[in-house]
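J.: only geometry, no sequence info:
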Ligand code: T46
């Protein structure tokens, strides 16, 4: 499953606040948080899939393109709002492109970091999705 989810946004004349609660706003327990920033425009990141990981990706500042490939279709999500996030649950090849200079990409993850969870070869990813 992959989908953009709107986040509860509390704005007033002092500014904006978004709150995220594990297992409520997003459908998993958060075990890890990381964020990506200072990424040059021409840089491309990702180029892997995960075997068993749920993630929620929020572009809290700036913009970037987040591509999800399920083995037969590539979908590009333009992330440009701190008031929504991209929920990813399943084996998708992911790529990130077109980072704005000010982009800060916040990621909430359902599992601790594990190198073994990564599929870094596209052919291996295709085999996994086709269950061959
Ligand atoms: C993903 C996309 C959206 C850690 O030590 N702990 C961590 O939790 C993470 C995420 C990374 N690292 C180390 C591993 C590498 O030495 O940080 C370095 C950069 O990671 P990576 O090259 O995997 O970064 P991206 O931007 O290509 O991918 C990351 C996540 O790794 C990945 O899970 O879905 O962001």
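T.: Nice, I can see it. The shown structure was predicted, so the numbers you read here are calculated from the model rather than taken from an experiment.
J.: so which bits of the chain are right by the ligand?
T.: Counting by CB under 6 Å from any ligand atom, the chain comes close to the ligand at 32, 34, 36, 45, 46, 55, 94, 107, 113. The C-beta positions use only the backbone N, C-alpha and C, and glycine is treated the same way.
J.: now do the second one against residue 71, distance only.
T.: Residue 34 is 26 Å from residue 71, where distance means CB to CB, to the nearest Å.
J.: ok, these two, which is more surrounded?
T.: Taking other CB atoms under 10 Å, residue 34 and residue 71 do not tie; residue 71 has more neighbours (16 against 11).
J.: just the element for the residue nearest the centre of the chain, please.
T.: By CA atoms, centre = their mean, the chain has its centre lying nearest to residue 57, at 3.5 Å. Counting by DSSP states H and E, the element that carries residue 57 is strand 54-61.
J.: pull up the pairing partners for that strand, direction included.
T.: Strand pairing for strand 54-61, using DSSP bridges, gives strand 84-89 (antiparallel), strand 104-109 (antiparallel).
J.: would you turn those into TSV with mean pLDDT, mean neighbour count and distance to residue 125?
T.: Shown next, in TSV, are the strands paired with strand 54-61 (pLDDT from 0 to 100; neighbours: other CB atoms under 10 Å; distance: least, CB to CB, whole Å):
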stretch	mean pLDDT	mean neighbour count	distance to residue 125
strand 84-89	98	20	14
strand 104-109	98	20	19
